[in-house]
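Q: next input, structure requested:
(one chain, ligands or ions: 1)
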Amino acid sequence: MDAGNEANIGFDEVRARAIIAKHAVLQGATLPILHALQHEFGYIDRRATPLIADALNLSRAEVHGTVSFYHDFKSAPGGKHTLKICRAEACQSMGVDKLVERLELMHRLKVGETSPDGGLTIEAVYCLGNCALSPAALLDGEPVGRLDSAAIDDIVTRHAGARA
Ligand code: FES
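A: Just a heads-up that it's a prediction; the model follows:
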């Protein structure tokens, strides 16, 4: 998690309570509530955990467990841009691990984190259905195929202000 994004970016307890109350009546309400909160705020703020637990009569640990079990739920606000890198088999066989290593060693960016300037979030995904162009990724939802070191450096330079 990026401590720089810790502040109250976008979280509003009154709105969160309203969203929780609206979905609490549903069967198996935890996931619909979490999806609705993420849709509203872009992530699941940790201050929502006790609100959900109280509304659904669950422990905080149960709510936290659900949030951490599903990779789609973010625990911190994302960056302005998002690079989703495929780490599934075909992309692995085409060297995606080396690219992730490059991100960490050369750019100090880790999967699951956001650059210190808030410009770029790196996420892992597992098969984008673009195996023919592996290593594959999505940059702000747009497919990027045959990802290589130069492309990684370019993306980081443009969106995270870092240099190789
Ligand atoms: S394994 Fe990466 S796109 Fe299919």
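Q: stretch 78-91 vs the ligand: in contact?
A: Yes - contact between stretch 78-91 and the ligand, assessed by C-beta under 6 Å from any ligand atom, occurs at 86, 88-91. Just so you know, the C-beta spots here come from the backbone N, C-alpha and C atoms, and that holds for glycine as well.
Q: check the average confidence over that stretch, would you?
A: The average pLDDT within stretch 78-91 is 94.
Q: so for that stretch, what gets flagged as buried?
A: 78-79, 81-88, 90-91 (16 or more other C-beta atoms under 10 Å).
Q: now render those as TSV, adding secondary structure.
A: Below are the buried residues of stretch 78-91 laid out as TSV (DSSP: H, G, I helix; E, B strand; the rest coil):
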residue	secondary structure
G78	coil
G79	coil
H81	strand
T82	strand
L83	strand
K84	strand
I85	strand
C86	strand
R87	coil
A88	coil
A90	helix
C91	helix
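Q: shouldn't I122 be within a strand?
A: Yes - I122 forms part of a strand when assessed by three-state DSSP.
Q: show me where this protein has its helices.
A: 13-23, 30-41, 48-56, 60-69, 89-93, 96-107, 149-159 (DSSP state H).
Q: tell me the pLDDT at the spatially most central residue of the chain?
A: With the centre of the chain defined as its mean C-alpha position, the nearest residue by C-alpha atoms, centre = their mean is K74, 4.8 Å away. At K74, the model reports a pLDDT of 84.
Q: just H64 next, same as before
A: At H64, pLDDT is 94.
Q: identify the residues contacting it.
A: Residues near H64 by C-beta atoms under 8 Å, 6 or more residues apart in numbering: T49.
Q: my guess is the residue nearest to the centre of the chain meets Y43, correct?
A: Yes - using C-beta atoms under 8 Å, K74 is in contact with Y43, at 3.9 Å.
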